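Student: Based on what follows, work out the 3D shape:
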Amino acid sequence: MSTLTLSRGLNEGLRKALEDDPKVLIMGEDVGKLGGVFRVTDGLQKDFGEHRVVDTPLAESGIVGTAIGLALRGYRPVCEIQFDGFVFPATDQIVSQLAKMRYRSRGQVSLPVVIRIPFGGGIGAVEHHSESPEVFFAHTAGLRVVACADAAEAFTMIQQAIASDDPVIFFEPKRRYWDKAEVDTAAGPDSAPPLEAARVVLPGDDVTLLTYGPLVRTCSEAALAARTEGRSIEVIDLRSLSPLDMDTITGSVSRTGRCVVAHEAPVYAGLGAEIAARITEQCFYHLEAPVLRVGGFATPYPPSRLEEHFLPDLDRVLDAVDRTFAY
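Tutor: I've put the predicted structure just below:
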């Protein structure tokens with residue numbers, strides 16, 4: 001076991017994928033000599049060469065379009081989008097081509113492309129650097145959408161994503177890049193839960209708290225704080241945003257009878273709304289209260305000095321938990 005940051009866990013996972021399969025390559029802005037803005041790809045170009053870790057022009061549409069062409073030729077490209085807000089120039093390629101090719105070809109053509117996107121706020125960045133665009137891609141049929149939460153998950157999930165024959169949008173919580181966790185770097189991805197499976201982070205009996213990415217840590221801290229008041233909160237890391245692991249979700253909610261969904265993205269038309277609707281449909285007679293949502297506000301991301309007011313924190317999560325017991 002090694003103690004790694006989330007950033008380093010991703011780096012080790014990418015390194016293992018490059019070692020195991022000569023068809024894997026990494027491409028993006030500054031991923032080579034610089035090692036990426038967050039140093040996720042640090043040292044990989046030095047060890048694997050410029051033909052495997054490719055510095056590209058500042059053109060997201062070109063990066064993804066090139067990756068699609070490479071995938072058609074049998075490669076497994078891993079694209080890095082430098083910041084979440086920069087993905088939108090590539091959206092046409094992702095939605096119109098990447099997501100649809102397998103369906104369009106009746107399963108004859110697969111596009112095993114991974115698009116890594118640092119997402120979320122909390123680093124004091126300017127606009128376009130703190131977005132949460134995951135719902136756009138979760139809404140797009142043909143894409144797998146996942147989000148890691150810690151170093152151990154990052155290490156295995158990035159390898160599983162690269163091995164998948166489906167295109168994968170891989171979200172990385174940028175404010176957790178420096179959080180550390182124990183990682184078994186000797187274990188293969190086959191020993192980890194499947195990419196589409198949720199995981200119970202903390203077991204509990206009174207209320208189910210569903211979250212992903214950067215808020216897994218926040219919600220875990222909220223659950224531990226609630227225990228001092230006698231509340232038992234079950235925290236579930238969704239991991240896969242599309243498809244959703246509804247068996248794990250409904251199994252927990254049917255037992256607890258209460259549910260709160262938390263994410264950094266705005267609540268309006270967010271992923272939490274889809275989850276709340278599904279829970280209401282499948283667990284209606286088990287619910288003791290409506291499914292409540294905690295998230296960002298329906299505004300553009302604010303200036304950095306105001307982001308702590310925008311982002312869900314421990315108090316807002318616990319407030320929602322308290323409100324579920326008022327019914």
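Student: In three-state terms, label residue 58 for me.
Tutor: Under the three-state scheme (DSSP: H, G, I helix; E, B strand; the rest coil), residue 58 adopts coil.
Student: give the contact list for the residue nearest to it when sequence neighbours are not counted.
Tutor: On the basis of Cβ to Cβ, 6 or more residues apart in numbering, the spatially nearest residue to residue 58 that is not a chain neighbour turns out to be residue 29, at 5.6 Å. (Glycine included, C-beta is placed from N, CA and C.) With contact taken as Cβ atoms under 8 Å, 6 or more residues apart in numbering, residue 29 is in contact with 55-58, 63, 80, 82.
Student: Please report the distance of residue 29 from residue 306.
Tutor: Applying Cβ to Cβ, to the nearest Å, one obtains 28 Å for the distance of residue 29 from residue 306.
Student: Check residue 197 too.
Tutor: With the distance defined as Cβ to Cβ, residue 197 ends up 36 Å from residue 306.
Student: Please enumerate the helices of this structure.
Tutor: Counting by DSSP state H, one finds helices in the chain at the ranges 6-20, 44-48, 60-72, 91-92, 101-104, 134-138, 151-163, 215-227, 246-256, 271-283, 307-310, 314-324.
Student: Can you spell out which helices and strands pack onto the shortest one?
Tutor: What it means is helix 91-92. The contact analysis (3 or more Cβ pairs under 8 Å, 6 or more residues apart in numbering; DSSP states H and E) places helix 91-92 against no helix or strand.
Student: For it, give me every contacting residue.
Tutor: Here helix 91-92 makes contact (Cβ under 8 Å, 6+ apart) with 61, 136.
Student: surely residue 269 meets residue 135?
Tutor: Yes. Using Cβ atoms under 8 Å, residue 269 is in contact with residue 135, at 7.1 Å.
Student: who's more crowded, the two?
Tutor: Higher neighbour count among residue 269 and residue 135: residue 135, with 20 against 12, using other Cβ atoms under 10 Å.
Student: Could you pull up the residues touching that one?
Tutor: Applying Cβ under 8 Å, 6+ apart as the definition, the contact partners of residue 135 turn out to be 265, 269-271.
Student: Tell me who's in contact with the nearest residue to residue 125 once chain neighbours are set aside.
Tutor: Closest residue to residue 125 apart from its sequence neighbours, by Cβ to Cβ, 6+ apart: residue 304 at 6.4 Å. With Cβ under 8 Å, 6+ apart as the criterion, the residues that contact residue 304 are 124-126.
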